[in-house]
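Visitor: Just need the structure, nothing else, for what follows:
(chains A, B, C and D)
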There are 2 protein chains.
Amino acid sequence: MLATLERTEVTVPLIAAEAGVTPSTIYRRWGDLQELLADVAVERLRPDMVPVDTGSFGSDLMAWAEQYAEEMSSGPGREMIRDVLAAQDGSGAYQCCNFTRQQIEVIAERAEERGEIFPDVETVMDGVVAPIMYRILFGGAPDAAHVERLVTASLAAKPAL
Amino acid sequence: MLATLERTEVTVPLIAAEAGVTPSTIYRRWGDLQELLADVAVERLRPDMVPVDTGSFGSDLMAWAEQYAEEMSSGPGREMIRDVLAAQDGSGAYQCCNFTRQQIEVIAERAEERGEIFPDVETVMDGVVAPIMYRILFGGAPDAAHVERLVTASLAAKPAL
DNA sequence: GCACTAAAAGCAAATTATTTGCTTTTATGT
DNA sequence: ACATAAAAGCAAATAATTTGCTTTTAGTGC
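Guide: Sure thing, here's the model as predicted:
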């Protein structure tokens, strides 16, 4: 029902009716529409899968980054990010950042077990995640070749010894 | 007057009164509060200075990045970014990104005239600007040491030959 | 199981914001 | 000066938000 509406057409009274509650319940629990939308978006951005294991850090990261860029660039992806960032309460954004970091940590842990040498997680956040997100938010979505270049470049950065 | 209020206390009728116009004028021109705030924020984010010339690409970029990170991490900086990104119309974000790109282009043009070798602008956007912005938006503000590391790393990336 | 309590939800009135149709002003070209 | 079109004012209608108070719900100790 609500999914078919434009962002500007979604209102608290509407959501309340949909949920079978009175609007004041929603206002008291969330304060305003943006906080509610942010909460919903954070839940929807929570990863529901472990990154696929393709055999090496490099290819795991490449596969993950490609999928991440694609999902986040999509219409729904952008709206969810927007919703999270628009909220007054910054904790949603922080959570999302952690979801992402944890996914990369999973990839890193597997690489560790294999005895690979690989860049540390913060390097990947700066070198891969941040540019993807920046371009989605501020410019056009990054294309596949760009994502590939970001991943390749960050793989060249070796960890502190 | 308005500057002393919290974001959630700023309303269209208030701004209208402040401006000495009727609210409907504002609603007709901007549609809603967020578009208006985004417009204001874009104007305030427009750079009013040329990056200082310190003698080389590396030190110019370092000085610029430090100031950029500081300004954008500040309370008002964060609010302006938030306002720009919260707008339905994505053109504000695109403009802000271009403001930044143009600043880096100025630094690059000076380096070109000096005959320096330096990373291309998109590399700097990905390697310096994006991580700074990502951390401001999604986590804690980046500290000075982090910014310095980002700049140093991106300087090592030489342009395509 | 029953009474007690605190938190959450309902309800409805009051307030505030938003939209809209219509009128008036303002700016511009002739 | 007049005609025109765009922008602004005004005010009524609609919709959203806030709030005080009542009712329900869920949990706790007896």
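Visitor: Near A:E105, how many other residues are there?
Guide: Here the count is done by other C-beta atoms under 10 Å in any protein chain shown, and A:E105 has 15 residues near it. For glycine as for every other residue, the C-beta is placed from the backbone atoms N, C-alpha and C.
Visitor: Just confirm it contacts A:V121, I think it does.
Guide: Yes: contact between A:E105 and A:V121 holds when scored by C-beta atoms under 8 Å: they sit 5.7 Å apart.
Visitor: residues in contact with A:F138?
Guide: Going by C-beta atoms under 8 Å, 6 or more residues apart in numbering or on different chains, A:F138 touches B:93-94, B:96-97, B:133.
Visitor: For the residues you listed, give me a markdown table that also has distance to chain A and pLDDT.
Guide: A markdown table is the format used below for the contacts of A:F138 (distance: C-beta to the nearest C-beta, whole Å; pLDDT from 0 to 100):
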| residue | distance to chain A | pLDDT |
| --- | --- | --- |
| B:A93 | 5 | 97 |
| B:Y94 | 6 | 97 |
| B:C96 | 6 | 98 |
| B:C97 | 4 | 98 |
| B:M133 | 6 | 98 |
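Visitor: longest helix of chain A?
Guide: If you go by DSSP state H, chain A has its longest helix at helix A:91-114.
Visitor: tell me what it is packed against?
Guide: helix A:33-45, helix A:57-73, helix A:75-86, helix A:121-124, helix B:130-138 (3 or more C-beta pairs under 8 Å, 6 or more residues apart in numbering or on different chains; DSSP states H and E).
Visitor: Nearest approach to DNA strand C belongs to which of the ones you listed?
Guide: Among the helices and strands packed on helix A:91-114, helix A:33-45 comes nearest to DNA strand C, with 10.7 Å by C-beta to the nearest atom of the strand.
Visitor: now that closest one and helix B:75-86, what's the angle there?
Guide: 70 degrees (axes from the mean of the first three to the mean of the last three C-alpha atoms, to 10 degrees).
Visitor: Give me whichever of the helices and strands packed on helix A:91-114 is most buried.
Guide: Greatest average neighbour count among the helices and strands packed on helix A:91-114 goes to helix B:130-138 (a mean of 25), per mean count of other C-beta atoms under 10 Å in any protein chain shown.
Visitor: Which SSE is immediately downstream of that helix?
Guide: Once the chain leaves helix B:130-138, the next helix or strand it forms, by DSSP states H and E, is helix B:144-156.
Visitor: returning to that earlier point: now the helices and strands packed on helix A:91-114 in TSV, with distance to DNA strand C?
Guide: Formatted as TSV, the helices and strands packed on helix A:91-114 follow (distance: least, C-beta to the nearest atom of the strand, whole Å):
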stretch	distance to DNA strand C
helix A:33-45	11
helix A:57-73	29
helix A:75-86	14
helix A:121-124	36
helix B:130-138	25
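Visitor: Need the ones you listed in CSV (columns: distance to B:E79).
Guide: Below are the helices and strands packed on helix A:91-114 laid out as CSV (distance: least, C-beta to C-beta, whole Å):
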stretch, distance to B:E79
helix A:33-45, 14
helix A:57-73, 24
helix A:75-86, 12
helix A:121-124, 26
helix B:130-138, 11
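Visitor: Quick check, A:A65 in contact with A:L150.
Guide: Yes: with contact defined as C-beta under 8 Å, A:A65 and A:L150 form a contacting pair (7.1 Å).
Visitor: circling back: now that we have the contacts of A:F138, which of them are buried?
Guide: B:93, B:96-97, B:133 (16 or more other C-beta atoms under 10 Å in any protein chain shown).
Visitor: mind putting the residues you listed in JSON lines, distance to A:L85 included?
Guide: Formatted as JSON lines, the buried ones among the contacts of A:F138 follow (distance: C-beta to C-beta, whole Å):
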{"residue": "B:A93", "distance to A:L85": "11"}
{"residue": "B:C96", "distance to A:L85": "14"}
{"residue": "B:C97", "distance to A:L85": "15"}
{"residue": "B:M133", "distance to A:L85": "11"}
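Visitor: Can you say which two of the residues you listed are spatially most distant?
Guide: Greatest spatial distance in the buried ones among the contacts of A:F138: B:A93 and B:M133, 10.6 Å, computed using C-beta to C-beta.
Visitor: can you list residues touching both of those two?
Guide: Taking C-beta under 8 Å, 6+ apart as the criterion, B:A93 and B:M133 both touch A:137-138.
Visitor: Per-residue pLDDT of the nearest residue to A:A38 once chain neighbours are set aside, please?
Guide: Once flanking residues are discounted, A:A38 sits nearest to A:A87: 3.5 Å by C-beta to C-beta, 6 or more residues apart in numbering or on different chains. Note on A:A87: pLDDT of 94.
Visitor: Many thanks, we can stop here.
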